[in-house]
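*Asks:* build me a model from this:
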Amino acid sequence: MGLSRQFQMLLMMNAVGNVIFIYIEIFVNFYIWQQGYRISDVAWFNLVLFAVWGVSFCGGAELCMRYSIRLLNALSACFGAVAFGMLSLLVLDNRLLWIACIAVPVGVMWGLFSTAQNLGISLAGKDGDKDFGHYFAILGAVIQVLNVTVPLASALVIMAFGYYGSFLLLLLFIAVMFVVSFFLPHISLKNLESPAERWIDNVLPKRVFFAKGMALWIPISLATGLFYQFQSIFKLLFTFSVTEDKLLIALLNTSYTVAVLVSLYFYRKLQFANRVWMLVGIVFITGGYLFILYPVAPLLIVSNILTTVGAYYFNVSYSAQQLELIHNLTAIQKARLLVWRECLICFSRCVMLLLILPVSEFQGTYFVLLLGISFASLFSIPILQGKMMQLFAGAQRTRSQKFHSS
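*Replies:* Residues are numbered from 1 along each chain as shown. Okay, here's the model as predicted:
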């Protein structure tokens, strides 16, 4: 059975958006790295980006109370055009200000796009449930294809036409994104609940994390941001430190994608419980972190492959457990939790990036200390999340018993 039209349009928007974000994640970061080969420059770019991303995500959720995801995606495309326009034309003597001026529109673009995608999928149509599995299966395949082709194609374009040529090409994709936004379904939070139930109202933790054990969502999200940010930024920096050849950087990123595809094969074949896959992910990540302690080029790439595989297994189980937890909540309750989670993760990502700013090399006591913080965060997540699910399940059983006894 094919996808419904609204899921087809959401899939098309997601695909076009991922082309742009894959390019930004690799080559905009690399472009900034090449300006001075400073870890702090890349950390500063990502710090500003994620700070703005969090604010934009909240703003996007509020906009979705009055307007549909069409507006969010159209605005996202507009800010994307501003970002690549600045990359092409903006010249400033102050390096940090120049980086911040680029990061701000990228952050707004990414935040609004993420809001539209998250809420759009979760609220898509009355027949959405039967299309979810099909949609995510196709989306997973599309993203893996893009993770292989976009870095390689981008590297070839940069080698042939320079960075400015690639910026112009990305502006073309942004134009496509803008046009597609007008064909998306009219999905919004408007009229789903009474005005008193807007997600922006009653957002204090005790109102959002209302069920027993759900307050643990806060430290889990904070730990997740610390771990993911350390892993993601040093995965890039280790790759950049090994070579300046853009095609080789693309090939290395392709190798990480191939590692994920192999991991996906085993994930589908073995079908372990989520908690088992989480432990498997931790084992791979631990192995990758050990290689970091001896930072030579071949071992840094091995580290990246191991942590990429580990992060894949970890993220699949982490996400599945949280989706299971909130499955029966209302749309507004999900929106509140989603905004809280993303803001907490953004906050802790920014904390980790602030800590990374003084780092100048992949060794030394301070670097090992940051590695230890990431390690501790990683190990705390399954413990806290397991406890949260246990408490939440116990509270549900208690409510069920009271209901039947009455």
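
*Asks:* pLDDT score assigned to residue 179?
*Replies:* Listed pLDDT for residue 179 reads 95.

*Asks:* name the element it belongs to?
*Replies:* Element membership of residue 179 [criterion: DSSP states H and E] is helix 128-181.

*Asks:* can you give the distance of that helix from its chain's centre?
*Replies:* Centroid displacement of helix 128-181 relative to its chain, using C-alpha atoms, centre = their mean, to the nearest Å, is 16 Å.

*Asks:* which elements pack onto that helix?
*Replies:* helix 5-23, helix 69-89, helix 95-122, helix 246-270 (3 or more C-beta pairs under 8 Å, 6 or more residues apart in numbering; DSSP states H and E). Glycine gets a C-beta too; all of them are placed from N, C-alpha and C.

*Asks:* now do the longest one against helix 128-181, angle only.
*Replies:* Orientation note: helix 95-122 sits at an angle of 140 degrees relative to helix 128-181 (axes from the mean of the first three to the mean of the last three C-alpha atoms, to 10 degrees).

*Asks:* renumber starting at 39 from here on
*Replies:* All right, first residue 39 from here; so that's helix 133-160.

*Asks:* pretty sure residue 55 contacts residue 215?
*Replies:* Yes - counting by C-beta atoms under 8 Å, residue 55 touches residue 215, with 6.3 Å between them.

*Asks:* shared neighbours, those two?
*Replies:* residue 114 (C-beta atoms under 8 Å, 6 or more residues apart in numbering).

*Asks:* nearest to residue 96, of the helices and strands packed on helix 166-219?
*Replies:* helix 133-160 (8.2 Å; C-beta to C-beta).

*Asks:* where does pLDDT dip in the stretch 289-438 of the chain?
*Replies:* For the stretch 289-438 of the chain, residues meeting the criterion pLDDT under 70 lie at 369, 432-438.

*Asks:* next one: the stretch 139-288 of the chain
*Replies:* Using pLDDT under 70, the flagged stretches of the stretch 139-288 of the chain are 160, 162-172, 174-175, 229-249.

*Asks:* let's see 50
*Replies:* Residue ranges of the stretch 139-288 of the chain with pLDDT under 50: 164-166.

*Asks:* chain center to stretch 84-91: distance?
*Replies:* Chain-centre distance of stretch 84-91: 12 Å, with C-alpha atoms, centre = their mean.

*Asks:* before we move on, the earlier item: so the helix holding residue 217 versus helix 284-308, what angle?
*Replies:* 160 degrees.

*Asks:* in contact with the nearest residue to residue 389 once chain neighbours are set aside: list those residues for me.
*Replies:* Spatial nearest neighbour of residue 389, chain neighbours left out: residue 264 (6.9 Å); criterion: C-beta to C-beta, 6 or more residues apart in numbering. Contact analysis of residue 264 by C-beta under 8 Å, 6+ apart lists 386-387, 389-390, 411-412, 415.

*Asks:* helix or strand for residue 264, which one?
*Replies:* Judged by DSSP H and E, residue 264 forms part of helix 255-280.

*Asks:* hey, C-alpha coordinates of stretch 79-91 in CSV?
*Replies:* These are the backbone C-alpha positions of stretch 79-91, laid out as CSV (Å, rounded to 0.1, in the frame of the first residue of the first chain):
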residue,chain,number,x,y,z
ASP,A,79,35.5,28.2,16.1
VAL,A,80,33.5,25.0,15.3
ALA,A,81,32.3,24.8,19.0
TRP,A,82,31.3,28.5,18.9
PHE,A,83,29.3,28.0,15.6
ASN,A,84,27.5,25.0,17.1
LEU,A,85,26.9,26.8,20.4
VAL,A,86,25.1,29.7,18.8
LEU,A,87,23.3,27.4,16.4
PHE,A,88,21.8,25.2,19.2
ALA,A,89,21.0,28.1,21.5
VAL,A,90,19.0,29.7,18.6
TRP,A,91,17.6,26.3,17.6
